[in-house]
Each structure stands twice: as C-alpha cells, then as structure tokens.
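Peer 1: need a structure here:
(4 chains)
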There are 2 protein chains.
Amino acid sequence: MDDTTEPGGANPTGQAPETPAGELPGGRARPKTDKSEQTRALILDTAMRLFRERGYDKTTMRAIAAEAGVSVGNAYYYFESKEFLIQGFYDQMTREHAVEALARMADQRDFSDRLCTALDSWVDCAAPYHEFASQFFRTAADPNSSLSPFSNESHPARDTAVKLFREVLDGSDLGPKIDPELDELLPDLLWLHQMIVVLYWVFDRTEDTERTRAFVKRCSPFVAKMVTLSRYRVFRPLVRDAVDMIKDFVLPTIGKAAPAPTEAPKRKRRAKKD
Amino acid sequence: MDDTTEPGGANPTGQAPETPAGELPGGRARPKTDKSEQTRALILDTAMRLFRERGYDKTTMRAIAAEAGVSVGNAYYYFESKEFLIQGFYDQMTREHAVEALARMADQRDFSDRLCTALDSWVDCAAPYHEFASQFFRTAADPNSSLSPFSNESHPARDTAVKLFREVLDGSDLGPKIDPELDELLPDLLWLHQMIVVLYWVFDRTEDTERTRAFVKRCSPFVAKMVTLSRYRVFRPLVRDAVDMIKDFVLPTIGKAAPAPTEAPKRKRRAKKD
DNA sequence: AGAAGGTTTTGAACGCGTTCGAAACCTTGG
DNA sequence: CCAAGGTTTCGAACGCGTTCAAAACCTTCT
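Peer 2: The predicted structure is shown next:
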C-alpha cells in the first residue's frame, strides 16, 4: 500500500543485474522488460520483508500479493512456488556472510581462528532468521526441492561458501605440507562441516543459539588439530581412506564428478562387486 | 469399502497392546474402549497402505478417511495431523529392522561385518519406501515436528535403534580394551552414523540405491578401524576431545543430559567465555 | 425407562498454496 | 489507425490439511 509507488530503485536483492543465460535461477521465464523485472523484484522484496516480520508459514501468498499490490496469479507468474521465493534470500545471505567473514578474519592467521570466525560470522548473519529458518529448513531437506544444499546444481550459493573456505585455508599459516589431495578436498569438507553447524543451529533451542556458538568454538580447534595431525605418518592410512571415500561418495552427490580423467586412478584397492 | 468389515484382527501395527501411561505416542487421547482402538488401527493401516501405494503427498486425508470408511473429522480425532500417521510407520519399521539385523548378524563376530550387516539390513528394510520416504523426510527435518530424530523425547524408535547398536558392539570380538567412556558413547555414535546413512539414502537417486549400499560397505571397515585405532596412544588426545565434545554437545540434543551427577567432571580444559 | 455425562463420529466450512482461462496491456507491422 | 501476437495481470476456482459445533452413540446412575 505504501511503497508500491517506488518499486525500482537499485538492484534489490543484490542479484547481478544481467542474467547469464536461459532461465533465472529461482524464477520462471527470463525477464524481457524493465517493468517485468521491477515487478519481480517488488514481489521478492515484499516476500522477504514479510518472512522476516511474520515468519515463513504465517506469510501467505495472498498477503505477499496484497502487500505488493499485485494479484496472487501475478506472483505465481514470476515465482513457480512459494519456496522459490526463499532461494533469493538464501543466495543473498550467503553472499553477505562471505563478505562479513572475510572482513572479520582479515588479520587472523591461525587456521583454527579463521575457521571459527567464518562459522561465527555465519551464526551472526543467520541469527535474525533463526526463528523462521527452521520453517523452510524442511523444504531444503527435500531432495526433490531445488533448495536442497546438495544434489541440486544451479546453486551458486554453495560455490560462494566453498570459495570462502578456500580463503579460510589460504590465509592460514598452516605449513605447506598438507597432502595436496586433501588440500583440494578441504574446502568442500569445511563446507560440509558448516552444513553440520547449520543443522545443529536449526535444532538449537537455546537462548541466542548459545549452544551452537559454543559448539563452533569447540569444533574449530578440533578440526584444526585433525588437519594438522593428518600430516603425520600414523594418520596417513586413515587420511587416505577418508579421502578416497569422500571422493567416491561425497563429491558425486554435490555435483562434482569423482574421477578426474587427467589423473590415473592411483592406489584404491578395488572392492569386489558382490 | 471392502475390508471395513474385518477391522480388528491381531494388533495391527505391531504396537504393544497395552499403552504405558498417559498419552499415545503418535495419537491424541488415550483410547478407552476396544472399538476406539479398532477404529484407530483401521485408520492407521489404511493410511500406511495408501502411503505405500500412492506415496505420501498423493494420499489425501479425505482418501484415507473414505477408504477406511470413516469421516475426515474422525481421522483427526485419532491423529492430530497427517504427519502423526507417519510415526506409527516409523516405529514399526525400526522394530522390524532390529529383528532382521539381529537375525542376520547372529553368526558374525567381526565388528566391521556386524556393523555393515546392521546398516545393510536397514537399507533393505527401508527399500520399499524409498520413493516416498523423501516426502516425509522433510517433515522429520523440522525441529518442531515430533518426527525429528533428535531433540524430541517420546521417541521409542531411537531407543530401539541405539539398543541394536549396543548389540552390534557386544556381539563383536573387539578386545575389551576400549575406553569405557567411549564404549558407553558408541551406540549413540553408531546411531548417529546410521542417521548419516539415512540422509545419504534419502538423497540417493541411483538404481536400487546402489550407491548407499556401496557407501555402507566402505564406511563400515573405516569406522571399525577408527574404533580399533582409538585404543592406541597417539589417538588418545583426539579421542578424548571427541568424547568430551560429544558428551557436551550431541547427547544433550538427543535428550540425554550431559554431566552425570555421580561422576566428577574429570579433565576438561575450560574454555574462556569470550 | 429416562436423564446425565462422557466418548466417538460427522460433514460443512475455513484458510491455504496453486492453477487456469481470460482479460488487459504492450509492442510491432501493415 | 487497426489487427496480430506476445507478455503481463487478474481473480475465481480447485484440492488440500485442518477445525469445530453439533449430532450420534454408549455408559452409568437413579
């Protein structure tokens, strides 16, 4: 009712102004006109605001449409379903988190510290949404949903996050002696670790998610220690096994093909078919 | 329309005939009469059948009621919501799995083998439901739902599963040298491991969930190796840290209080508040 | 037998996400 | 200027999970 008169403005969700090709990530058809994109943005912004104000479940599509001054049908013209409205939010938060985390760890060199900072930042960035995060977390848990963190391509958010953990590593003063294979895997593993933190956070009912914060503080040195120890002889076989398993079973599910064709399959005891 | 004439029969879902106290696990009020329990069972059985036949989403409450020959309102008299119908299914499958697994591992002594068998059994038991499992998996992912594997008490299914893993351990020929603290934790940890397998399984789109089966085969020796190695000196500090973390952060979330009042808090380097 | 009080059953109604045919609004080309 | 064809907008309508007030049924007591 009030801000429908000034819909355009700067690009609203931080989305890149030009869409790369074909389809929009979370939307329907590719926008053709400026007007179209404005309407789309208006609906998305309104939705996000209402999500924040009332929570996901209590925000009805009718309310979004009404508040945005359009019809329900129009909302569905731009967003295939209610949950597609979340994707925008998710991408945005991931980007904000990356920026925030990088800023905070700028003068940190210790790996454990940097990791802790990165995860802490996430908890802080996500804090305002904790209440209703759980409401759409179940959507993300559906393998058929485009929101699921794994398995679905077209998820730039994951790339952003993985790159952040690459930074966490590269900015650390860990010796250069880490197993290169492991090193290549680590960003993905740390991202996986973050997914566990997210899981923990979603289920965390403590005040200000204190327990998650404590969890992060305790996990980070532990993870750092494991990474450090991975260089020692005794741990090598374990690390080998783990690396192989991850390559074979984890990476494929997040859209990265297991065996690089340029490299011959090294060790890898073959397991019999049956 | 057809089998409404013979509703009673033996106890339908394998539920224990006498309810312990107060409330039914997944239902509403405590049943008072036989007739009541029959109706309840009829509705639940019909629901399960339809879930299997059509999947969760495509089975409407109206269809369940119609097929069972009752009114929708009546279904809601016995089951608080649609998802409460799942609880019965979940409990039942867990029990079936425990029986099946114990039978299969009867003559196995190797820990890795037993673990593998237990998990394999689960995949087999769950196989018929794979298609629609993902549909209610998202419900289980909601922390507010009574279906979530953690955080919610009144989940006898978890106890059943944890006890099974206790059996897996006790029947193994692992030396008696395992850290007793770790030993006490292990069933819960193995259950957690199973939850990861379940997660993997839900997202597994391969034929007959081949990848999950392979995953289990690869994980089991790995887990066994870790348990074995945990006895060696070098790994002790790591094990200590892990055990402490689990006690502090994992157990509390699954309803087990962290510090036993009978035991003084042993080592545990205190971390500063800020 | 009848009244009281509880348990069970009903089905109309509500609010929601979503769909769809049609209207309104743009472009373009003649 | 109008007609054609595409894009955008609309809102009534559908199917769903769920609620609720009232009816039906069942005990039990007088």
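Peer 1: and the stretch 1-150 of chain A, which of its residues are near DNA strand C?
Peer 2: Within reach of DNA strand C by Cβ under 7 Å from any atom of the strand, the stretch 1-150 of chain A has these residues: A:33, A:35, A:57, A:59-62, A:72-73, A:76, A:80-83. In short, each C-beta sits where N, CA and C put it, glycine included.
Peer 1: just the helices in the stretch 1-150 of chain A please.
Peer 2: Ranges of helices within the stretch 1-150 of chain A are A:34-54, A:61-68, A:72-78, A:84-104, A:111-126, A:130-140, based on DSSP state H, counting those that start in this stretch.
Peer 1: So which of those is nearest B:Leu185?
Peer 2: helix A:111-126 (24.0 Å; Cβ to Cβ).
Peer 1: Quick check: pLDDT value at the closest residue to DNA strand D within chain A.
Peer 2: Residue nearest to DNA strand D within chain A: A:Gly73 (1.9 Å; Cβ to the nearest atom of the strand). At A:Gly73, the model reports a pLDDT of 97.
Peer 1: For it, grab the count of nearby residues.
Peer 2: By other Cβ atoms under 10 Å in any protein chain shown, the residues close to A:Gly73 number 9.
Peer 1: so how far is B:Gln108 from it?
Peer 2: Using Cβ to Cβ, to the nearest Å, one gets 61 Å for the distance from A:Gly73 to B:Gln108.
Peer 1: And A:Ser220, by the same measure?
Peer 2: 39 Å.
Peer 1: Looking at these two, which is more packed in?
Peer 2: Taking other Cβ under 10 Å, A:Ser220 and B:Gln108 do not tie; A:Ser220 has more neighbours (22 against 18).
Peer 1: Please identify the helix or strand for that one.
Peer 2: helix A:210-229 (DSSP states H and E).
Peer 1: so what does the helix or strand that that helix is followed by touch, helix or strand wise?
Peer 2: Sequence order places helix A:236-245 as the next helix or strand after helix A:210-229, per DSSP H and E. Where contact means 3 or more Cβ pairs under 8 Å, 6 or more residues apart in numbering or on different chains; DSSP states H and E, helix A:236-245 is packed against helix A:180-203, helix B:210-229.
Peer 1: how about the ones you listed in a markdown table, adding mean pLDDT?
Peer 2: What follows is the helices and strands packed on helix A:236-245, written out as a markdown table (pLDDT from 0 to 100):
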| stretch | mean pLDDT |
| --- | --- |
| helix A:180-203 | 93 |
| helix B:210-229 | 94 |
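Peer 1: could I get these as JSON lines with distance to B:Ala41?
Peer 2: Converted to JSON lines, the helices and strands packed on helix A:236-245 look like this (distance: least, Cβ to Cβ, whole Å):
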{"stretch": "helix A:180-203", "distance to B:Ala41": "32"}
{"stretch": "helix B:210-229", "distance to B:Ala41": "32"}
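Peer 1: and the nearest residue to A:Thr253 once chain neighbours are set aside, how far is that from DNA strand C?
Peer 2: Nearest-residue entry for A:Thr253: A:Phe150, 5.3 Å, with adjacent residues in sequence omitted and distances by Cβ to Cβ, 6 or more residues apart in numbering or on different chains. Computed with Cβ to the nearest atom of the strand, to the nearest Å, the distance linking A:Phe150 and DNA strand C is 22 Å.
Peer 1: and A:Arg205, backbone torsions?
Peer 2: Phi and psi for A:Arg205, reported as degrees, to the nearest 10, are phi -100, psi 0.
Peer 1: Poorly predicted segments of the stretch 101-250 of chain A, please.
Peer 2: Applying pLDDT under 70 to the stretch 101-250 of chain A flags the ranges A:151-154.
Peer 1: So A:Leu185 is in contact with A:Asp248, correct?
Peer 2: No - the pair A:Leu185 / A:Asp248 is not scored as a contact, 11.7 Å apart, by Cβ atoms under 8 Å.
Peer 1: Who has more neighbours out of those two?
Peer 2: A:Leu185 (19 against 16).
Peer 1: hmm, back to that, give the buried residues for the helix holding A:Ser220.
Peer 2: Neighbour-count burial for helix A:210-229, counted by 16 or more other Cβ atoms under 10 Å in any protein chain shown, picks out A:211-213, A:215-221, A:223-224, A:226-229.
Peer 1: same check, this time on stretch A:164-184
Peer 2: Judged by neighbour count using 16+ other Cβ under 10 Å, the buried positions of stretch A:164-184 are A:164-169, A:171-172, A:174, A:178-179, A:181-183.
Peer 1: Ok, stretch A:135-155 next?
Peer 2: Those would be A:135-143, A:145-152, A:155, for stretch A:135-155 by 16+ other Cβ under 10 Å.
Peer 1: Can that stretch be said to contact DNA strand D?
Peer 2: No - Stretch A:135-155 is not in contact with DNA strand D by Cβ under 7 Å from any atom of the strand; minimum separation 12.9 Å.
Peer 1: So for that stretch, first residue to last residue, what's the gap.
Peer 2: 20 Å (Cα to Cα, to the nearest Å).
Peer 1: Contact partners for the residue in the stretch 101-250 of chain A that DNA strand C sits nearest to?
Peer 2: Nearest residue of the stretch 101-250 of chain A to DNA strand C: A:Thr139, at 9.7 Å (Cβ to the nearest atom of the strand). Residues counted as contacts of A:Thr139 (Cβ atoms under 8 Å, 6 or more residues apart in numbering or on different chains) are A:83, A:86, A:145, A:147, B:138.
Peer 1: Also A:Pro143?
Peer 2: Counting by Cβ under 8 Å, 6+ apart, A:Pro143 has contacts A:151, B:134, B:137, B:202-203, B:205.
Peer 1: contacts for the helix holding A:Ser220?
Peer 2: A:110-113, A:115-116, A:119-120, A:123, A:174, A:178, A:186, A:190, A:193, A:197, A:200-201, A:204, A:206, A:235, B:238, B:241-242, B:245, B:248-249, B:252, B:271.
Peer 1: Now do that helix against helix A:236-245, angle only.
Peer 2: 120 degrees (axes from the mean of the first three to the mean of the last three Cα atoms, to 10 degrees).
Peer 1: Distance of the closest residue to A:Gly55 other than its chain neighbours relative to A:Arg114?
Peer 2: Distances taken as Cβ to Cβ, 6+ apart place A:Phe132 nearest to A:Gly55, at 4.1 Å, with adjacent residues excluded. As judged by Cβ to Cβ, A:Phe132 and A:Arg114 stand 30 Å apart.
Peer 1: what do you get for A:Leu192?
Peer 2: The spacing between A:Leu192 and A:Arg114, counted by Cβ to Cβ, is 17 Å.
Peer 1: which one of these two has more residues nearby?
Peer 2: A:Arg114 (27 against 18).
Peer 1: Please look at that one and A:Ala106 and confirm they touch.
Peer 2: No - A:Arg114 is beyond contact range of A:Ala106, at 9.9 Å (criterion: Cβ under 8 Å).
Peer 1: Just to check, A:Thr39 is in contact with A:Val70?
Peer 2: Yes - assessed by Cβ under 8 Å, A:Thr39 is found in contact with A:Val70 at 6.8 Å.
Peer 1: Could you find the closest non-adjacent residue to A:Arg62?
Peer 2: For A:Arg62, the closest residue by Cβ to Cβ, 6+ apart turns out to be A:Val72, at 5.8 Å.
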